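Undergrad: only geometry, no sequence info:
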């Protein structure tokens, strides 16, 4: 179909909003390895997980066979408040770059949480409410997940307790106020509210925290309060499942115009956005129907895919969570505080890790100055102020489009624009003032992290 | 048509994006009074205005006869990056209120400037660029206009100099960074950069500024630099004209579903959003085709409509601008710094002032605590964090919906949700902490402002 007919923004109608999530594990020949009980090294069962997670979510976590899972009507109705989200043709960026490439981005920032996180937050809050729980606990890094969960909980009348990575808590004071607007309580992590938090503070006084620490605290808070469960904004299979709404809408929008992408790009911290975006396309690739290139983009300061090990590791710094097989930098790895761009998690989704290990996906690490350059360029020409996380994907999308300019190839590039940067102005200010620098961990830094990966038979790396 | 068929969000297609702005003055029997030259008290001519404004914009300013004015293709293409904006059916709010009323809001916050201001910013920047100018100067209050203009100028490659009301500059440090991201220079006003700024600082040391001050400084900056003109984000006829894109889209979306609103509500500072939203509906009322109630909502701390005088007054504190006939509190009136909610302008659009004077529109003043209560209620149930300005309209929409609950009337209420509150978290924090109070100027406070309204024959009030 001719370019001329493709609008700036492709909107699906509410009727076209997907009715089912897609579970890519059903089409994977090599299934992601199961979570292990760290005490027994046996796969975690439904019963093992019940003290921590909501029942229905455990079923979703463990189900690697059912390809399509119905989205409950209540969740779909909530989705209608901000979805379907637009798939935008980046005509202005293309023109500025002078590239023959066609660039599209799926924009998930048009809701108050400012990111795609709301897609899973409402699902998890819904299942918690349905189970008759009082509330949920969670961690948040850059703050999008905590905001999203606060919104979902406010809507459903659930209590919401958020442990926020200290560096973000300090850099983003207004994030806390947004969560308060939605009635959540927010604690900077590590804190002295939990045993594990106190232990981490003792061992690393002055630490600026990490997602791994905050997860440990939130899990402890959930299991020590009656009527509470823990919910997580990324990494888990269930989260990737909910986020497939992104990819399903993207595919439906492209199909409407007979557009087949060549390259699909997403930023990767824990992997929820990337996994959600690529799943339906990956399904086609796994079934041998179509071929695509997938590129995961991670910060050079926290390079799980490109420099991590594929092994069983703890999901949290406090080592209270199950072991997951994934690309990891070690659960004690904490990226430099100098790194402003989010995506600070030491591990990676097991699903994506397996796909990457099987050669079905590429990964690229980018430095933060070049990420903010891309962010500013994009903001000026496309009119959206991107979150630093999302800007990792912008960086590589621009790089790929410039390669097309050199070769003359008319590739179609799709990337995930996960959110907006309204609460990241401290980082933008650093960038404007030339106070931003790049940090790349040395091999020694990484080696120290790897030392913490548990050693047992079958976990060689 | 049955309610069931109305989606949560009504999106027009890009083809349905209006091709012309609507000039409500063409249908007004009593035209708004012309701008006067303060020296001669004669109507300002095209030539009089040329040192200050762009040529094409002056034509639009002075034209009260042409009903429809073509939107240039370049502006329409820019609009396509973020328009048509959604008209949202507030199903969740309705259910929570238990009202039989049907509530819709036109949401203008889904662009990086965070508000409707971009609709006029791109138009004004386009005409400046087309005239071969180097750059533009402007004032900004809450910061949305400055951000919007910065975005538009970055897109077109124009220099952008912003004078920002000091209280906002201090309360919203990140706004400055957004403008810097878009390459603008931002000066807190009053400043010592201009003669008029220095004069105001001398007379009112420690003033937190006002839109009126900032306008004076921006006008001086424009007229004292070669290749620059001044642009304004509200009040002017040209701005209301550009903002009719809001009302035209709203009307087209409602017409699609055969919905006729009973009440249309908008917040009013200088009047650009309200004027833009109601113009096409007001046109029908003026032509005797249909009837509507229109409600302008203003802060009780800056009550131009409800307690001001209808008279010729200066548009700026420095008295360098032409005189406009409008509802005004006097150009020296500066609302209490305690007032956090924007809408701090002492005057009001001449078009809206005439319509109000002729009894075609109502006005209501609301206090800021009740505005933030409405804002928080709305955020929690509709999932959008509203700007304090927009929340004035939310307050009255909720009040009207609750009246319907009492009477059982199934009225259709439409209000303008002009923007998001991401940069207003200092105000939200005050509200959460119980540090927000209400301020209502005394009659003596107002009398002091009225003293500054110029006295001449025909300007009795």
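TA: Looks like it came in fine. The structure displayed is predicted, hence computed values, not measured ones.
Undergrad: Run through chain A and note the low-pLDDT ranges.
TA: A:1-4 (pLDDT under 70).
Undergrad: Spatially central residue for it, please.
TA: residue A:272 (3.5 Å; CA atoms, centre = their mean).
Undergrad: any idea how far that residue is from chain B?
TA: Here residue A:272 is placed at a distance of 20 Å from chain B (CB to the nearest CB, to the nearest Å). No exception for glycine: its C-beta is placed from N, CA and C like everyone else's.
Undergrad: Near the residue of the stretch 351-461 of chain A found nearest chain B, how many other residues are there?
TA: Residue of the stretch 351-461 of chain A nearest chain B, by CB to the nearest CB: residue A:425 (3.5 Å). Neighbourhood size, residue A:425 [other CB atoms under 10 Å in any protein chain shown]: 25.
Undergrad: before we move on, back to that, the residue nearest to the centre of chain A touches residue A:238, doesn't it?
TA: No: counting by CB atoms under 8 Å, residue A:272 stays clear of residue A:238, with 9.9 Å between them.
Undergrad: Pull up the overlap in contacts between these two.
TA: Contact criterion CB atoms under 8 Å, 6 or more residues apart in numbering or on different chains; residues bridging residue A:272 and residue A:238 by contacting each: residue A:120.
Undergrad: and whichever residue of the stretch 101-250 of chain A sits closest to chain B, what does it touch?
TA: Residue nearest to chain B within the stretch 101-250 of chain A: residue A:174 (3.6 Å; CB to the nearest CB). By CB under 8 Å, 6+ apart, the contact list for residue A:174 reads A:423, B:174, B:422, B:425-426, B:429.
Undergrad: what about it, which SS state?
TA: Here residue A:174 is recorded as helix under DSSP: H, G, I helix; E, B strand; the rest coil.
Undergrad: circling back to that earlier point, show me what contacts the residue nearest to the centre of chain A?
TA: A:116-117, A:120, A:233-235, A:239-240, A:243, A:349 are the contacts of residue A:272 under CB under 8 Å, 6+ apart.
Undergrad: Check the gap between the closest residue to it other than its chain neighbours and residue A:51 for me.
TA: Spatially, and ignoring its direct neighbours in sequence, residue A:272 is nearest to residue A:234 (4.1 Å; CB to CB, 6 or more residues apart in numbering or on different chains). Computed as CB to CB, to the nearest Å, the residue A:234 to residue A:51 distance reads 21 Å.
Undergrad: more crowded one of these two?
TA: residue A:234 (26 against 11).
Undergrad: tell me the phi and psi of the more buried one?
TA: The phi/psi pair for residue A:234 (degrees, to the nearest 10) reads phi -160, psi -170.
Undergrad: hang on, the residue nearest to residue A:272 packs against residue A:343?
TA: No: using CB under 8 Å, residue A:234 is not in contact with residue A:343, being 9.8 Å away.
Undergrad: Can you pull the residues that touch both of those two?
TA: Shared contacts of residue A:234 and residue A:343 (CB under 8 Å, 6+ apart): residue A:269.
Undergrad: Now do the same for residue A:76: helix, strand or coil?
TA: helix.
Undergrad: if I pick it, what's in contact with it?
TA: Residue A:76 neighbours (CB under 8 Å, 6+ apart): A:17, A:19.
Undergrad: swap in residue A:170?
TA: By CB under 8 Å, 6+ apart, the neighbours of residue A:170 are A:188, A:208.
Undergrad: what are the phi and psi angles of it?
TA: Dihedral angles of residue A:170 (phi, psi; degrees, to the nearest 10) stand at phi -80, psi -40.
Undergrad: That one and residue A:35, how far apart?
TA: Relative to residue A:35, and taking CB to CB, residue A:170 is found at 33 Å.
Undergrad: looking at it, residue A:349 is touching residue A:325, isn't it?
TA: No: the criterion here is CB under 8 Å, and residue A:349 misses it with residue A:325 at 10.6 Å.
Undergrad: Which one of the residues in the stretch 201-350 of chain A is closest to chain B?
TA: residue A:256 (12.5 Å).
Undergrad: for that residue, what are its contacts?
TA: So residue A:256 contacts A:10, A:12 (CB under 8 Å, 6+ apart).
Undergrad: quick one: it and residue B:7, what's the gap?
TA: 18 Å.
Undergrad: Of residue A:349 and residue A:325, which one has the most company?
TA: residue A:349 (29 against 21).
Undergrad: Excluding covalently adjacent residues, which one is nearest to the more buried one?
TA: Once flanking residues are discounted, residue A:349 sits nearest to residue A:271: 3.2 Å by CB to CB, 6+ apart.
Undergrad: what's around the one you found, how many residues?
TA: Neighbour tally, residue A:271, other CB under 10 Å: 34.
Undergrad: close enough to count as contact, it and residue A:237?
TA: No: counting by CB under 8 Å, residue A:271 stays clear of residue A:237, with 10.3 Å between them.
Undergrad: Between those two, which contacts overlap?
TA: Common contacts of residue A:271 and residue A:237 (CB under 8 Å, 6+ apart): A:349, A:351.
Undergrad: So which bits of the stretch 1-150 of chain A are right by chain B?
TA: Counting by CB under 8 Å from any CB of the partner chain, the residues of the stretch 1-150 of chain A close to chain B are A:7-9, A:11, A:13-14, A:80-82, A:88, A:92, A:110-112, A:114, A:118.
Undergrad: before we move on, the earlier item: return the distance of the residue of the stretch 101-250 of chain A closest to chain B relative to residue B:385.
TA: 11 Å.
Undergrad: again, but for residue A:109
TA: For residue A:109 relative to residue B:385 (CB to CB), the value is 13 Å.
Undergrad: So if I had to pick from the two, which one is more boxed in?
TA: The neighbour comparison of residue A:109 against residue B:385 (other CB under 10 Å) goes to residue B:385, with 30 against 24.
Undergrad: got the contact list for the more buried one?
TA: Per CB under 8 Å, 6+ apart, neighbours of residue B:385: A:112, A:178, A:181, B:375, B:379, B:420-422.
Undergrad: Make JSON lines out of those residues and add distance to residue A:251.
TA: Formatted as JSON lines, the contacts of residue B:385 follow (distance: CB to CB, whole Å):
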{"residue": "A:112", "distance to residue A:251": "26"}
{"residue": "A:178", "distance to residue A:251": "32"}
{"residue": "A:181", "distance to residue A:251": "35"}
{"residue": "B:375", "distance to residue A:251": "37"}
{"residue": "B:379", "distance to residue A:251": "32"}
{"residue": "B:420", "distance to residue A:251": "29"}
{"residue": "B:421", "distance to residue A:251": "34"}
{"residue": "B:422", "distance to residue A:251": "31"}
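Undergrad: any chance of these in a markdown table, plus neighbour count, distance to residue A:210 and secondary structure?
TA: A markdown table is the format used below for the contacts of residue B:385 (neighbours: other CB atoms under 10 Å in any protein chain shown; distance: CB to CB, whole Å; DSSP: H, G, I helix; E, B strand; the rest coil):
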| residue | neighbour count | distance to residue A:210 | secondary structure |
| --- | --- | --- | --- |
| A:112 | 25 | 26 | coil |
| A:178 | 27 | 22 | helix |
| A:181 | 25 | 26 | helix |
| B:375 | 28 | 34 | helix |
| B:379 | 24 | 30 | helix |
| B:420 | 27 | 30 | strand |
| B:421 | 28 | 30 | coil |
| B:422 | 25 | 26 | coil |
